[in-house]
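Engineer: Whatever this is, show me its structure:
(4 chains)
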Protein chains: 2
Amino acid sequence: MKKDKTTIYSISDLAQRFDITTRTIRFYESEGLLSPKREGQKRLYSQKDYTTLKLILRGKRLGWSLAESRDLIQMYKPEQNNQAQYQKVLEKVIESRERLQQQMNDIQVMLLELDEHETRIKEVLDTKRQ
Amino acid sequence: MKKDKTTIYSISDLAQRFDITTRTIRFYESEGLLSPKREGQKRLYSQKDYTTLKLILRGKRLGWSLAESRDLIQMYKPEQNNQAQYQKVLEKVIESRERLQQQMNDIQVMLLELDEHETRIKEVLDTKRQ
DNA sequence: TATTACGTTGACGTAAACGTCAACCTAGTT
DNA sequence: AACTAGGTTGACGTTTACGTCAACGTAATA
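Structural biologist: As a prediction, this is how the structure comes out:
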């Protein structure tokens, strides 16, 4: 079963696939990050919802707040019809990109420091060995 | 005044330079991330403390918890004397690197999606213009 | 000597992001 | 009909990372 457009997930389905709790998923909805269809009471998640969740969790791994992820999600929604709206979205794109580039930079610095530290340690271990 | 080894900072000095509050700095100390010298009651921060703070804030920008940053800081301390300790540090180095690489990957995906979205929007704006 | 600047230690408050019940509904199975 | 598996909505609790007082100390300056 691959991700064709008609695939539908239950809440526990998603919880399992992403290794989070159903409580978390409902919480994201209450915060305006998700808005699944309903069948009676039960929530039905589409492929789009799945993608949105993936985006949220990616954001979390990068330390983005739910509010920030919600903004991103809004940005990707095709509700913007007039020119002014588009301009705002383009500005948001730039902001997000800048944030991500700062994070990239931070990561590179951290990786460099890790490398240096590793080298130092291995040198100590080597000299000890003689 | 550049960063020679003897430069000393007051708490409000650091707060200004990093644009955080003194409360925050004291909080980091209470959580075991900093341990400045004292002059009577007053805290005196060395160049090492400065560097540690920089590391903490870099971690924050990447969504690392204070506990994680504290582990990193511990890792960089030259207290480890026996082989087993060094081995543990090397493992930690690997873990940290993996985490950072995951984050790098997440960033690249996000940047790609931003690019695609920007392109789509600009296409719409272009076709509208005709 | 009084004020001002800068620092200190509690103690309590708060926002974000959930966890943890409890009480309930519903559809299918024994 | 009773049970089980999954789902629902509150409501309250918890952790992290600080903010916000209050009450006090100390050193330099007016």
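Engineer: C-alpha only now, for contacts and for neighbours.
Structural biologist: Noted.
Engineer: which residues sit in contact with the most centrally placed residue in chain A?
Structural biologist: Nearest to the mean C-alpha position of chain A, by Cα atoms, centre = their mean, lies A:R58 at 2.4 Å. Residues near A:R58 by Cα atoms under 8 Å, 6 or more residues apart in numbering or on different chains: B:D106.
Engineer: Please give the element, helix or strand, for it.
Structural biologist: helix A:47-61 (DSSP states H and E).
Engineer: just A:R43 next, same as before
Structural biologist: strand A:42-44.
Engineer: Tell me the spacing between the residue nearest to the centre of chain A and B:Q108.
Structural biologist: Using Cα to Cα, to the nearest Å, A:R58 is found at 11 Å from B:Q108.
Engineer: now A:E123
Structural biologist: Relative to B:Q108, and taking Cα to Cα, A:E123 is found at 34 Å.
Engineer: again, but for A:I8
Structural biologist: A:I8 is 28 Å from B:Q108, by Cα to Cα.
Engineer: and chain A, which residues reach DNA strand D?
Structural biologist: Applying Cα under 7 Å from any atom of the strand, one finds that chain A approaches DNA strand D through A:S10, A:I11, A:S12, A:D13, A:T22, A:R26, A:Q41, A:K42, A:R43.
Engineer: For chain A, give the residue positioned nearest to chain B.
Structural biologist: A:G63 (3.6 Å; Cα to the nearest Cα).
Engineer: and that residue, helix, strand or coil?
Structural biologist: coil (DSSP: H, G, I helix; E, B strand; the rest coil).
Engineer: State the pLDDT value of it.
Structural biologist: A:G63 carries a pLDDT value of 98.
Engineer: In this structure it contacts B:G59, no?
Structural biologist: No - between A:G63 and B:G59 there is no contact under Cα atoms under 8 Å: 9.7 Å.
Engineer: So for the helix or strand hosting A:N105, mean pLDDT?
Structural biologist: Here A:N105 sits within helix A:83-129, counting by DSSP H and E. The average of the pLDDT scores along helix A:83-129 is 94.
Engineer: What's the separation between the residue nearest to the centre of chain A and B:G63?
Structural biologist: Taken as Cα to Cα, the span from A:R58 to B:G63 is 12 Å.
Engineer: cool, A:I11 as well?
Structural biologist: When A:I11 is compared with B:G63 (using Cα to Cα), they lie 27 Å apart.
Engineer: List the buried residues for the strand holding A:R43?
Structural biologist: By 16 or more other Cα atoms under 10 Å in any protein chain shown, the buried positions in strand A:42-44 come out as A:L44.
Engineer: now A:V124: how far from A:L111?
Structural biologist: 20 Å.
Engineer: Compare those two (neighbour count), which wins?
Structural biologist: Neighbour totals were compared for A:V124 and A:L111, and A:L111 leads with 18 against 12 (other Cα atoms under 10 Å in any protein chain shown).
Engineer: In contact with that one, which residues are there?
Structural biologist: A:L111 makes contact with B:R97, B:L100, according to Cα under 8 Å, 6+ apart.
Engineer: any idea what sits nearest A:D106, other than its immediate chain neighbours?
Structural biologist: Excluding its sequence neighbours, the residue lying closest to A:D106 (Cα to Cα, 6 or more residues apart in numbering or on different chains) is B:R58, at 6.1 Å.
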